[in-house]
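Novice: Quick one, what's the 3D model for this:
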Amino acid sequence: MKQFNPISPHSTLLHFTFYILHFTFLLIPLSLKSQDTHLSQFYVAPMYYNPANLATSQGKTKVGIDYKSQWNSVSKPYLSQLAYFENKIIPKSFKQDWAGIGLILNNDKAGDINLHTIKALLVGSYHKGIIEDNKLFASFGASFGVVSKSFDASKLIFDNQWTQSGFDNSLANDEVLFNTSYLYTDFNAGTMLTYSPTNEISASLGGSLQNLNRPKETTFFESKNKIGVKKVLHGGVDFKIDEKLFFLPKFILVSQKKAKELIMGLNICYSMKETQLYFGVWDRAKSDIILMAGFEYDRLTMAFSYDVNYSKLNVATNYRGGFEISLTKKFGKKNERKVSAGKKTMPML
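Specialist: I've put the predicted structure just below:
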């Protein structure tokens with residue numbers, strides 16, 4: 001294959017960035033309230049939102065954990081915990097291509113009724129080089145797993161339990177609960193394009209569909225209620241300004257039935273000899289300003305973020321949203337046969 005020499009790569013990337021930002025700004029006026037697990041640091045574990053993101057980072061193996069607590073100021077805090085593992089698979093017969101396999105574990109508790117969700121997903125991905133040295137490559141991924149949901153029915157409140165003297169939970173609620181726990185399978189798939197005309201610039205655009213099998217979710221009565229397909233669109237452009245400074249703008253748009261969530265913003269990385277420092281500002285549209293700080297040392301990355309709530313709920317929250325902390329460790333050679341972003345000097349976040 002002839003070597004690819006892009007014409008004015010910076011101009012191409014600027015157009016790419018413009019179209020992404022134009023598209024996302026058009027979507028901001030929509031109602032952006034999501035009732036599902038949503039992480040502020042979506043870029044730390046991107047395979048959770050799109051399995052095509054699996055095994056695209058530097059190094060052969062990556063493990064990580066993420067913990068988020070929110071709404072402590074208005075109710076019982078919503079807690080989300082995420083753990084993941086990914087590993088590149090590079091057979092000798094592959095010239096530019098590679099694959100990945102991974103595992104995602106998610107534990108989520110929400111609200112006064114202790115709505116508890118446990119998710120375990122097996123993830124696989126395949127990355128196809130299109131242009132020499134993988135300056136352009138396409139990624140495909142899928143995940144399949146099991147989801148368990150349960151809640152504490154004794155915490156529910158019904159209108160016929162209210163009396164003139166107040167609430168009395170000893171009264172019969174006369175409601176028939178079909179079940180308080182259920183189990184279903186989950187199937188997700190996604191794709192992504194990554195374009196890196198030089199080692200100083202890298203752009204990506206991808207999307208995924210989750211809950212493709214439309215699993216049934218039944219609680220109060222036996223019905224055919226099905227979970228809606230979750231649609232995810234994400235993208236970003238990473239710029240290496242010089243040997244020490246990197247700009248890493250990204251966005252993610254998640255929609256499911258009438259619920260939508262848009263996060264967009266920027267991380268800045270300042271690289272020293274052995275340590276990289278991260279600072280970021282993000283916006284969850286019509287909801288939160290997200291401030292992030294972190295560091296990377298010896299391929300171990302820790303990041304802390306806080307959501308400053310500015311939605312109409314701030315009367316109750318007093319602008320307090322929630323905090324999130326993540327820890328990631330990468331193993332293996334950085335330049336593993338020069339596949340994926342492993343050949344580049346781009347930082348992780």
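Novice: Tell me how far residue 315 lies from residue 261.
Specialist: 21 Å (C-beta to C-beta, to the nearest Å). Backbone N, C-alpha and C define where each C-beta goes, glycine included.
Novice: of these two, who's got more company?
Specialist: More crowded of residue 315 and residue 261, by other C-beta atoms under 10 Å: residue 261, with 23 against 9.
Novice: That one pairs with what?
Specialist: residue 254 (DSSP bridges).
Novice: what's the nearest residue to residue 190 if we skip its chain neighbours?
Specialist: Excluding the flanking residues, the one nearest residue 190 by C-beta to C-beta, 6 or more residues apart in numbering is residue 208, at 2.9 Å.
Novice: quick one: strands adjacent to the strand or helix carrying the one you found?
Specialist: Secondary structure from DSSP states H and E places residue 208 in strand 201-210. As defined by DSSP bridges, the strand partners of strand 201-210 come to strand 181-198 (antiparallel), strand 230-240 (antiparallel).
Novice: how about TSV for those strands, with distance to residue 120, mean neighbour count and mean pLDDT added?
Specialist: Output for the strands paired with strand 201-210, formatted as TSV (distance: least, C-beta to C-beta, whole Å; neighbours: other C-beta atoms under 10 Å; pLDDT from 0 to 100):
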stretch	distance to residue 120	mean neighbour count	mean pLDDT
strand 181-198	9	18	93
strand 230-240	17	21	94
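Novice: and the ones you listed as JSON lines, adding distance to residue 146?
Specialist: Below are those laid out as JSON lines (distance: least, C-beta to C-beta, whole Å):
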{"stretch": "strand 181-198", "distance to residue 146": "6"}
{"stretch": "strand 230-240", "distance to residue 146": "17"}
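Novice: Out of the ones you listed, the one nearest residue 328 is which?
Specialist: strand 230-240 (16.8 Å; C-beta to C-beta).
Novice: Give me the residues contacting that closest one.
Specialist: For strand 230-240, contacts defined as C-beta atoms under 8 Å, 6 or more residues apart in numbering pick out 13, 16-17, 20, 36, 42-43, 46, 49-50, 190, 199-211, 246-256, 345-346.
Novice: Now the buried members of the residues you listed.
Specialist: Buried subset of these (neighbour count, 16 or more other C-beta atoms under 10 Å): 13, 16-17, 20, 36, 42-43, 46, 49-50, 190, 200-208, 210-211, 246, 248-256, 346.
Novice: OK, contacts around the residue nearest to residue 190?
Specialist: Neighbours of residue 208 in contact, by C-beta under 8 Å, 6+ apart: 49-52, 141, 188-191, 231-232.
Novice: so what's the residue lying closest to residue 46 once chain neighbours are set aside up against?
Specialist: Spatial nearest neighbour of residue 46, chain neighbours left out: residue 53 (3.8 Å); criterion: C-beta to C-beta, 6+ apart. The contact partners of residue 53, by C-beta under 8 Å, 6+ apart, come to 46-47, 125, 139, 141, 190, 192, 206.
Novice: cutoff 7 Å now
Specialist: Contacts for residue 53 (C-beta atoms under 7 Å, 6 or more residues apart in numbering) come out as 46-47, 141, 192.
Novice: Isn't residue 310 up against residue 289?
Specialist: Yes - the pair residue 310 and residue 289 passes the contact test of C-beta atoms under 7 Å, sitting 6.3 Å apart.
Novice: Tell me how many other residues surround residue 179.
Specialist: With other C-beta under 10 Å as criterion, residue 179 counts 13.
Novice: Need the per-residue pLDDT for residue 323.
Specialist: On the pLDDT scale, residue 323 is placed at 95.
Novice: Name the SS class of it, please.
Specialist: Secondary structure, DSSP: H, G, I helix; E, B strand; the rest coil: residue 323 is strand.
Novice: Stretch 112-124: which residues count as buried?
Specialist: So, applying 16+ other C-beta under 10 Å, buried residues of stretch 112-124: 113, 116-119, 121, 123-124.
Novice: taking the mean pLDDT, what do you get for that stretch?
Specialist: In this model, stretch 112-124 has an average pLDDT of 91.
Novice: what residue ranges in the stretch 51-200 of the chain score low on pLDDT?
Specialist: Scanning the stretch 51-200 of the chain for pLDDT under 70 picks out 74-75, 158-161, 167-178.
Novice: can you map out the helices along it?
Specialist: Remark: no helices are assigned in the stretch 51-200 of the chain by DSSP state H, counting those that start in this stretch.
Novice: Return the residues in contact with residue 217.
Specialist: Residue 217 neighbours (C-beta under 7 Å, 6+ apart): 225, 227.
Novice: again, only using 8 Å
Specialist: Contacts of residue 217 were listed using C-beta under 8 Å, 6+ apart, and they are 149, 182, 184, 225-227.
Novice: And the furthest pair within the residues you listed?
Specialist: Farthest pair in those (C-beta to C-beta) is 149 and 226. Separation: 14.0 Å.
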